[in-house]
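# A structural model of the following input is requested.
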Amino acid sequence: MTSQLTRNPGQACERKYDLIIVGGGIHGAMLALESTHLGLTPLLLEKEDFGGATSFNSLRLIHGGFRYLQTFDYARLKRSAAERRWFLAKFPHLVKPLPCMVPLYGKGLRRRSALNLALRSYDFLTRDRNIDLPPDRNIPAGKILSVDETIRDFCLVDQNGLQGSAVWYDGYVENSQRMIIDALRIACQNGATVLNYTEAKQLVSDSDRARGVVAHDHATNTDYTFRADIIINVAGPWCRDLAKHFDRDEKILFRSMLAWNILFDRDPVSDNGIAVTAGKAGSSHTYFLVPWRNKLLAGTGQAPWLHKSRRACPTRGQILNFIEDLNSAIPGLHLNPAEITYTFSGLQSATTEGGKDFVTRDVVFDHSSKGGVQGLFSVSGVKLTTSRYTAEKALRVIFPSKNWKDSSQDGISESLSDNSHIWDFSKNGELKPYGWEDGLKQLIGEESVIHLDDLVFRRTTLWETPGQAIDIAPELCSLFGWDRDKSEYEIKRVADLVNNKRTN
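As a prediction, this is how the structure comes out:
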């Protein structure tokens, strides 16, 4: 077996699979990975590129569940802490602990005594949080900081009435797109087949029993029929649409709401993640500011989404209100729209139609339970943190007789190496690091890179400096061996993406 993402749909359609996974975001990737732990052979189909939609637009936090103390949701707390440990253990080259701070002003639950009790309770409930973790990936105990310590670590903090701060730790993955690709590479090493730009168009069934799907390969404009008796629809914002197309509509799968995070070309406000509440009267929304490399990543904005389009982004007015909220929460911040590097936006599932509150529980829907097609399942996940758990939960429902093994013993990290230096074009002040051409050619050859934006946005972080990404685009095209017309088309795709995400 090879860990390469080998793209050969003509060959892939010649065999029968144990299951077909439709959707190549984080939940699809985890389904592919977890199914190989059962000895199954999955085929994953993604209509565009892997991890290019909702999964790319997250705040990149892997929550440990501290916030769920507030609602006494201990089961969710324990599950989140366990999944944080899994990610830290399996992807230590990508995931690291992040200290998170909330300033305290002696009001409501944000009092020193209340937070001190919460931190102690959390540490006790997650006392197994560091089992089998490398020392540099251990999650420390939470703590209360004094006023002076808070100002030292967060100099822009609103000092009016400040009584200190509470600090806990979550997981953080700067390059979430690399984690998806690495998970897919390991799945392929274990027997999976994954195809991007291959859109599932029609369910193949026999006497109300799923037998496969007809899919269109957008790279070659060719239709293929892929065979399996189990089809899992995990298409994110398109999950409900696909369920309706294949069988029937099911409202619990997805009720659209808009969510966004914004990357600013501004130094981070702290080495910690910072939780703040807008200072405007009547506002209770909490925002989180994260140090993303040498920039500031802030989120999450939320709004109802009543449109039919699955290509969603905030309006200019919503972005301006978002920035106004951040500036009111942090005196002296003075963010402005001209500093926007990238707006990460997309649709997530809401608790109600037309609502703007995130769902808290994943959904695994067996279509045959309501008289639908046997062997067809639709899965709607909640967040990055529990994506692996959602995959395991779904597979336990679909394959109840399979013997599960402890995946914590499977060496994911040992099979991968951190090659981020390949695309760090600003390392040591150099425009291009040593070996960049060979390194990127290797990615192109091994990771099913079809378009230039696949390389710029979803295999590397070259997009983080938009001007530079566009400047070096002709050199990147030369690595593919494209002619002039093809190169111009691919460069325009990248430029359009960059400009759209900066200006909306």
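# Would you indicate which residues of stretch 186-193 are buried?
For stretch 186-193, the neighbour count (16 or more other C-beta atoms under 10 Å) marks 186-193 as buried. Using the backbone N, CA and C atoms, a C-beta is placed for each residue, glycine as well.
# Turn those into a markdown table, including pLDDT, distance to Y342 and secondary structure.
A markdown table is the format used below for these (pLDDT from 0 to 100; distance: C-beta to C-beta, whole Å; DSSP: H, G, I helix; E, B strand; the rest coil):
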| residue | pLDDT | distance to Y342 | secondary structure |
| --- | --- | --- | --- |
| I186 | 94 | 28 | helix |
| A187 | 95 | 28 | helix |
| C188 | 95 | 29 | helix |
| Q189 | 93 | 32 | helix |
| N190 | 93 | 33 | coil |
| G191 | 94 | 36 | coil |
| A192 | 96 | 31 | coil |
| T193 | 97 | 32 | strand |
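# from those residues, which single one is nearest G51?
Nearest to G51, judged by C-beta to C-beta, of the buried residues of stretch 186-193 is A187 at 13.3 Å.
# Any figure for the gap between the nearest residue to that closest one once chain neighbours are set aside and R458?
Distances taken as C-beta to C-beta, 6 or more residues apart in numbering put A32 closest to A187, at 4.1 Å, once the chain neighbours are dropped. Separation of A32 from R458 (C-beta to C-beta, to the nearest Å): 16 Å.
# Comparing these two, which residue is more hemmed in?
Just comparing A32 and R458: by other C-beta atoms under 10 Å the higher neighbour count belongs to A32, 29 against 26.
# Surely that one is in contact with L44?
Yes - using C-beta atoms under 8 Å, A32 is in contact with L44, at 4.8 Å.
# any shared contact partners between these two?
Residues touching both A32 and L44 (C-beta atoms under 8 Å, 6 or more residues apart in numbering) are 21, 184, 187, 192, 194.
# Am I right that the first one is in a helix?
No - according to DSSP: H, G, I helix; E, B strand; the rest coil, the state of I21 is strand, so it is not within a helix.
# re the thing from before, most widely separated two among the buried residues of stretch 186-193?
I186 and T193 (13.5 Å).
# Please point out which parts of stretch 366-381 sit buried.
Result for stretch 366-381 [16+ other C-beta under 10 Å]: buried residues 366-368, 372-381.
# hmm, which helix or strand of this structure has the shakiest average pLDDT?
helix 466-471 (a mean of 82; mean pLDDT, DSSP states H and E).
# buried set for that helix?
Neighbour-count burial for helix 466-471 flags 466, 469-470 (criterion: 16+ other C-beta under 10 Å).
# helices and strands around the very next helix or strand once past that helix, which ones?
Using DSSP states H and E, the helix or strand that follows helix 466-471 in sequence is helix 473-480. Packing contacts for helix 473-480, counted by 3 or more C-beta pairs under 8 Å, 6 or more residues apart in numbering; DSSP states H and E, involve helix 436-446, helix 452-453, helix 484-503.
# Kindly reformat the ones you listed as a markdown table and extend each row with distance to K295 and mean pLDDT.
A markdown table is the format used below for the helices and strands packed on helix 473-480 (distance: least, C-beta to C-beta, whole Å; pLDDT from 0 to 100):
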| stretch | distance to K295 | mean pLDDT |
| --- | --- | --- |
| helix 436-446 | 22 | 87 |
| helix 452-453 | 20 | 94 |
| helix 484-503 | 13 | 85 |
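# Highest mean neighbour count out of the ones you listed?
helix 452-453 (a mean of 24; mean count of other C-beta atoms under 10 Å).
# same for that one, what does it pack against?
Counting contacts by 3+ C-beta pairs under 8 Å, 6+ apart, helix 452-453 packs against helix 473-480, helix 484-503.
# how far is that helix from where the chain is centred?
Here the centre of helix 452-453 is set off from its chain's centre by 19 Å, with C-alpha atoms, centre = their mean, to the nearest Å.
# One more: stretch 72-84?
19 Å.
# Ok, stretch 181-194 next?
Offset of stretch 181-194 from its chain centre (C-alpha atoms, centre = their mean): 17 Å.
# S345 falls within a strand, correct?
Yes - per three-state DSSP, S345 lies within a strand segment.
# looking at the sheet around the nearest residue to it once chain neighbours are set aside, what are its partners?
Among residues not flanking S345 along the chain, W260 sits closest, at 3.8 Å (C-beta to C-beta, 6+ apart). Judged by DSSP bridges, the bridge partners of W260 are G301, S345.
# got a list of what W260 touches?
57, 299-301, 313-314, 318, 322, 343-346.
# Generate TSV for those, with pLDDT as supplementary columns.
Listed next are those as TSV, based on pLDDT from 0 to 100:
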residue	pLDDT
N57	86
G299	85
T300	91
G301	93
C313	86
P314	91
Q318	93
F322	94
T343	91
F344	91
S345	91
G346	88
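# From the residues you listed, pick the one nearest V397.
After measuring the contacts of W260 against V397 - C-beta to C-beta - the closest member comes out as G346, at 26.6 Å.
# residues contacting the nearest residue to E34 once chain neighbours are set aside?
In this structure, E34 finds its nearest non-sequential neighbour in A391, 4.3 Å apart by C-beta to C-beta, 6+ apart. By C-beta under 8 Å, 6+ apart, the contact set of A391 is 27, 30-31, 33-35.
# C-alpha coordinates for the helix or strand where A391 lies, PDB please?
Assigned by DSSP H and E, A391 belongs to helix 387-398. The C-alpha coordinates for helix 387-398 follow below in PDB (Å, rounded to 0.1, in the frame of the first residue of the first chain):
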ATOM      1  CA  SER A 387     -14.900  14.600  13.700                       C
ATOM      2  CA  ARG A 388     -13.100  11.400  14.400                       C
ATOM      3  CA  TYR A 389     -15.600  10.500  17.100                       C
ATOM      4  CA  THR A 390     -18.500  11.100  14.700                       C
ATOM      5  CA  ALA A 391     -16.900   8.800  12.200                       C
ATOM      6  CA  GLU A 392     -16.500   6.100  14.800                       C
ATOM      7  CA  LYS A 393     -20.100   6.600  16.000                       C
ATOM      8  CA  ALA A 394     -21.400   6.300  12.400                       C
ATOM      9  CA  LEU A 395     -19.300   3.200  11.600                       C
ATOM     10  CA  ARG A 396     -20.500   1.500  14.800                       C
ATOM     11  CA  VAL A 397     -24.100   2.000  13.700                       C
ATOM     12  CA  ILE A 398     -23.400   0.800  10.100                       C
END
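# Give me the mean pLDDT for that helix.
Average pLDDT, helix 387-398: 95.
# how far does it sit from the chain's center?
Mean C-alpha position of helix 387-398 versus that of the full chain (C-alpha atoms, centre = their mean) differs by 17 Å.
# Now that helix: buried residues?
By 16+ other C-beta under 10 Å, the buried positions in helix 387-398 come out as 387-395, 398.
# so where do the strands sit in the stretch 51-200 of the chain?
Using DSSP state E, counting those that start in this stretch, the strands found in the stretch 51-200 of the chain span residues 61-62, 95-104, 143-145, 164-173, 193-195, 198-205.
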